[in-house]
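A.B. asks: whatever this is, show me its structure:
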Amino acid sequence: MKLFKYYSLYEAYGKIDFIMERLEQLQDKGKIEFELENSDILIIRDLDLDDDEIEELVDFFDDNDVVPYLEREDEDEDGYIDDDFLDYDDY
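C.D. replies: Numbers count the residues shown, from 1 in each chain. Take a look at the predicted model:
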């Protein structure tokens, strides 16, 4: 299973406190770092999760309507969008 860097909490309405509590537990153990952007985009960084913990976290997200936010996966670490596909010849 893959742990994405960005997740949307938009569909997890009413479960956010429960989700944040679980993420804070993992952060306190030094397993992840996370931050919330614009109140509904979760940015997560794996520091020391093993494969079983990744699978457990991904399943937890699935069970609580936390979905990958794929629009942000196209950005690199500096926030720039990979626009190689926009390289075209000027005619």
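A.B. asks: going forward, measure contacts and count neighbours with C-alpha atoms only.
C.D. replies: Fine.
A.B. asks: where's Met1 relative to Gly30, distance?
C.D. replies: Taking CA to CA, to the nearest Å as the measure, Met1 falls 21 Å from Gly30.
A.B. asks: so where do the strands sit in this structure?
C.D. replies: 6-8, 32-37, 41-46, 67-68 (DSSP state E).
A.B. asks: so which of the ones you listed comes closest to Glu21?
C.D. replies: strand 32-37 (11.9 Å; CA to CA).
A.B. asks: helices or strands up against that closest one?
C.D. replies: Applying 3 or more CA pairs under 8 Å, 6 or more residues apart in numbering; DSSP states H and E, we find strand 32-37 packed against helix 16-28, strand 41-46.
A.B. asks: which strands and helices lie in contact with the shortest one?
C.D. replies: What it means is strand 41-46. The contact analysis (3+ CA pairs under 8 Å, 6+ apart) places strand 41-46 against strand 6-8, strand 32-37.
A.B. asks: what's the answer for the first one, then?
C.D. replies: Applying 3+ CA pairs under 8 Å, 6+ apart, one finds that helix 16-28 contacts strand 32-37.
A.B. asks: what angle separates the strand it packs on from helix 16-28?
C.D. replies: 140 degrees (axes from the mean of the first three to the mean of the last three CA atoms, to 10 degrees).
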